[in-house]
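Asks: Sequence and predicted structure are below.
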Amino acid sequence: MTDLFAREILHAGSWSVTCAMDRITLDYEARHRRRFRYIADGGTDFVLDLAQTTLLQDGDGLRLDDGRIVAVFAAAEELVAVRGSDTAALLRLAWHIGNRHLPAQLSAERILIRNDAVIVAMLRGLGASVDEIVAPFTPERGAYAHAHETHAHPFVFAAREHEL
């Protein structure tokens with residue numbers, strides 16, 4: 001068993017990935033953890049040990065107890081790209097996806113979701129154009145995701161200042 005623990009997340013963009021001594025490539029499920037043993041791509045064996053379940057983002061870094069950093073990368077997964085005939089149709093499709101509480105990666109042109117035959121059939125029945133793709137999956141974080149993060153968030157500060 002390893003003696004190395006990762007208890008600190010360096011958020012993507014807040015550190016230089018060139019500082020990483022190893023990297024780990026994980027799919028969406030494997031990036032959504034609180035405590036789990038990993039072996040990085042270069043062989044570094046460590047335990048992720050966070051206070052609460054967290055979705056690790058592509059480009060995050062995990063600081064190990066000894067100070068070294070493991071870079072996190074999102075693995076390519078089997079997804080579907082969902083498109084509507086226009087903006088209103090895409091918004092309607094987004095509503096149906098959200099109503100089923102499915103993780104989704106949103107953009108102005110398309111919605112990426114995991115490939116699920118039942119959901120794909122439903123979306124096609126609603127008029128969606130659906131294409132199978134392989135790409136990293138970084139869905140939107142839930143509305144309450146920021147409530148459990150340890151770094152500052154401007155909306156949290158605004159709410160606290162208002163309460164005073």
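Replies: That came through fine. Computed from a predicted model, the values in this text were never measured in an experiment.

Asks: can you pull out the strands in this protein?
Replies: With DSSP state E as the criterion, the chain has strands at 5-10, 22-26, 32-39, 45-55, 61-64, 69-74, 76-83, 105-106, 111-114, 129-136.

Asks: Switch those strands over to TSV; also include distance to Gly98.
Replies: Yep, even glycine has a C-beta here, placed from its N, CA and C like the rest. Formatted as TSV, the strands of the chain follow (distance: least, Cβ to Cβ, whole Å):
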stretch	distance to Gly98
strand 5-10	26
strand 22-26	25
strand 32-39	18
strand 45-55	17
strand 61-64	30
strand 69-74	21
strand 76-83	12
strand 105-106	10
strand 111-114	10
strand 129-136	17
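
Asks: Quick one: low-confidence residue ranges for this structure.
Replies: 1-2, 142-164 (pLDDT under 70).

Asks: so can I have a markdown table of the strands of the chain showing distance to Met122 and mean neighbour count?
Replies: Below are these laid out as a markdown table (distance: least, Cβ to Cβ, whole Å; neighbours: other Cβ atoms under 10 Å):
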| stretch | distance to Met122 | mean neighbour count |
| --- | --- | --- |
| strand 5-10 | 35 | 18 |
| strand 22-26 | 28 | 18 |
| strand 32-39 | 24 | 14 |
| strand 45-55 | 25 | 16 |
| strand 61-64 | 37 | 22 |
| strand 69-74 | 26 | 22 |
| strand 76-83 | 11 | 17 |
| strand 105-106 | 18 | 16 |
| strand 111-114 | 11 | 22 |
| strand 129-136 | 10 | 13 |
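
Asks: That concludes my questions; thank you for your assistance.
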